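# Have a look at this prediction, sequence included:
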Amino acid sequence: MSETAIRPQSARRRKSLVLPALLLNGSSAVVTALLFVLLLSLVAPPVGINAPGARMALWARLALWPALVLFAMVFGVMAMRGRTQAFNPIEDPESRGQRVSQRVLANSVEQTAIFLPALAALVATLPVPSMGAAAVATGLFVLGRLLFWAGYLIHPFARAPGMAMTLTVTLIVLGWAVLLQLGGMQPGG
């Protein structure tokens, strides 16, 4: 079969996946939002975090978890590279697992670079009774990144739930932080 004959089949196949992908991502986002709301009622706010320094200490403790996930991803890429003939990433052929893990790592660095500053803004301004939301958001973000990684190793389509979870949590945190900033709400209020 010629290359030009393969392209239309590939394009048709991709178009046929658009609706299932939208449904999977949409349902994953809805499940994540519902899970976020459910967990909010189960997680108590930390005690003694009215002072700005205490709030930033809380943020630092929460930021540790996404950092550990990134470290695990870096270690995973290094371990795969060490186990194979693809020691030189410029000249040696890489396995599918290596390419996937590198893409997951790059995407996770990008997602974490958005999430952590948004989380810091949220923790700085969130009313104390709602402060449990920061821990819930961090837990769901980390879970989303791990699901994204595992799903991508299975099949590119299987990464959707983890990506949707990550994006939904990040949008909740970012949106909530922006609303608090626009509302001029004072910490602890």
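Done, it's in.
# any idea which element the closest residue to residue 74 other than its chain neighbours lies in?
Sequence neighbours aside, residue 105 is the residue nearest to residue 74 in space, at 6.4 Å (criterion: CB to CB, 6 or more residues apart in numbering). Just so you know, the C-beta spots here come from the backbone N, C-alpha and C atoms, and that holds for glycine as well. Under the assignment given by DSSP states H and E, the secondary-structure element containing residue 105 is helix 96-125.
# Tell me the buried residues in that helix?
Counting neighbours by 16 or more other CB atoms under 10 Å, one finds that the buried residues in helix 96-125 are 98, 100-102, 104-105, 107-108, 111-112, 115-116, 118-125.
# One more: stretch 45-60?
By neighbour count with 16+ other CB under 10 Å, stretch 45-60 contains the buried residues 45-46, 49, 55, 58-59.
# residues in contact with it?
By CB atoms under 8 Å, 6 or more residues apart in numbering, the residues outside stretch 45-60 that reach it are 119-120, 123-124, 128-132, 134-135, 187-188.
# Kindly report the same for stretch 71-86.
With CB under 8 Å, 6+ apart as the test, stretch 71-86 has contacts from 87, 89, 92-95, 97-98, 101-102, 104-105, 108, 149.
# how far away is residue 170 from residue 114?
When CB to CB, to the nearest Å is applied, the distance between residue 170 and residue 114 equals 6 Å.
# Equivalent analysis for residue 33, please.
If you go by CB to CB, the gap between residue 33 and residue 114 works out to 18 Å.
# Check residue 46 too.
24 Å.
# now residue 23
Distance from residue 23 to residue 114, counting by CB to CB: 25 Å.
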